[in-house]
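K.L.:
sequence-free structure coming up:
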């Protein structure tokens, strides 16, 4: 339980980074295509949705092994993972 509590802020940071980047990309996409639906995109591209989390966990594991995993690096890693997967780009 102690280990879960230690990494809970990091996982929250990863999710925050992913969600923030998705929101940014949805706003950009909706400005050019008013019919864009995030739900439709996610269900039509499940492999990209899955890969976001693979990239985020891989990035966090690398940072952990390096000793530089913090909530701040987790947020950036989450956003970068989402960007790397092409999530939300239409």
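P.N.:
Good, I have the coordinates. Since we're looking at a predicted model, the values are computed, not measured.
K.L.:
residue 21 and residue 78 touch, don't they?
P.N.:
Yes - using CB atoms under 8 Å, residue 21 is in contact with residue 78, at 7.2 Å. (Each C-beta comes from the backbone N, C-alpha and C, glycine too.)
K.L.:
need the helices for the chain, in chain order.
P.N.:
2-32, 38-44, 46-66, 71-85 (DSSP state H).
K.L.:
can you list those helices in JSON lines and add mean neighbour count and mean pLDDT?
P.N.:
As requested, those are exported to JSON lines (neighbours: other CB atoms under 10 Å; pLDDT from 0 to 100):
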{"stretch": "helix 2-32", "mean neighbour count": "15", "mean pLDDT": "90"}
{"stretch": "helix 38-44", "mean neighbour count": "12", "mean pLDDT": "85"}
{"stretch": "helix 46-66", "mean neighbour count": "15", "mean pLDDT": "93"}
{"stretch": "helix 71-85", "mean neighbour count": "20", "mean pLDDT": "93"}
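K.L.:
need the contact list for the residue nearest the centre of the chain.
P.N.:
The C-alpha lying nearest the average C-alpha coordinate of the chain belongs to residue 18 (CA atoms, centre = their mean; 2.4 Å). By CB atoms under 8 Å, 6 or more residues apart in numbering, the residues touching residue 18 are 52, 53, 56, 78, 79, 81, 82.
K.L.:
list the contacts for the nearest residue to the third one once chain neighbours are set aside?
P.N.:
I take that to be residue 56. In this structure, residue 56 finds its nearest non-sequential neighbour in residue 81, 3.9 Å apart by CB to CB, 6 or more residues apart in numbering. Contacts for residue 81 (CB under 8 Å, 6+ apart) come out as 14, 17, 18, 52, 53, 55, 56, 59.
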